[in-house]
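[1] Need a 3D model of the following:
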Amino acid sequence: MIDADLDAVHARIRAAEQAAGRPAGAVSLLAASKQQAPVTLRATVALGQRAYGENYVQEALPKMAALADLDLSWHFIGRLQRNKTRDIAAHFDWIHTLDRLDLAQRLAAQRPAGRPPLQTLIEVNVSAESSKAGVAPAEVPALAAAMRRLPGLELRGLMCLPAPEENGARQRAPFAALRRILEALGDPALDTLSMGTSADLEAAIAEGATIVRVGTAIFGARS
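    Modelled structure (predicted):
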């Protein structure tokens, strides 16, 4: 069923791009692969998927080793902890969840020489949820300015994970807020908005998402 599910997600993305008047291919699919075995990921690689998002370093590293023969892009999308920065700096291509300068500094110092800069996104708590990670919108400009000066990192844009919402119009509001925050930074090099999941990718694409993080719609519900 993975082939049909992956095709269905791509169809949703294409339809949402068209509905929003955006070019085909404007939005990239990141397969959120938490709890998925390497053999399952190989099946999606065979279908053309190359970018995978992992929440836990200890789960991701064995997968990376098992799939080292493949040319894949690995994104860290979980909550960042100080004791995980070295492994993230060494093994991942992207991190979506930076929300503190001291963690950015650790990643910059720990990025191995010879590797391309770690592509980074600032996580923004657009819904002001006390249980969620992410910086407050007002703190984004200062953090972005400081991160731009760090070697070994390349700031690419912003990420959010707003509170679940079933109403389409209300789904769009936090994504629109994140887009406005990015636009206010006024930096054309910041070209990435990571927002939207299986439940709300259409709303995110309508508001400018360039990466959608989809797990359940590809792999099924997690146990």
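
[2] all helices in this structure, in order from the N-terminus.
    2-19, 38-45, 57-66, 85-91, 101-110, 140-148, 168-185, 201-206, 216-219 (DSSP state H).

[3] So which of those is nearest A128?
    helix 168-185 (9.9 Å; CB to CB). All C-beta atoms are positioned from the backbone trio N, CA, C, and that covers glycine.

[4] Next, the angle helix 140-148 makes with that closest one.
    50 degrees (axes from the mean of the first three to the mean of the last three CA atoms, to 10 degrees).

[5] ok, G196 - how many residues close by?
    When neighbours are defined as other CB atoms under 10 Å, G196 has 29 of them.

[6] same check, this time on G48
    Neighbours of G48 (other CB under 10 Å): 9.

[7] same thing with P151?
    So P151, with other CB under 10 Å, has 8 neighbours.

[8] Run a quick check on it versus A108, I expect a contact.
    Yes. Assessed by CB atoms under 8 Å, P151 is found in contact with A108 at 5.8 Å.

[9] so what's the residue in the chain sticking out farthest from the centre up against?
    Farthest-out residue of the chain from its mean C-alpha position, per CA atoms, centre = their mean: M1, at 24.6 Å. Neighbouring residues of M1 by CB atoms under 8 Å, 6 or more residues apart in numbering: G220.

[10] hmm, 10 Å instead?
    With contact taken as CB atoms under 10 Å, 6 or more residues apart in numbering, M1 is in contact with 8, 218-220.

[11] Just the buried ones from those?
    218-219 (16 or more other CB atoms under 10 Å).

[12] S73: which of the contacts of M1 is nearest?
    I218 (15.9 Å).

[13] residues in contact with the closest one?
    1-2, 5-6, 8-10, 29, 31-33, 36, 40, 44, 47, 49, 198 are the contacts of I218 under CB under 10 Å, 6+ apart.
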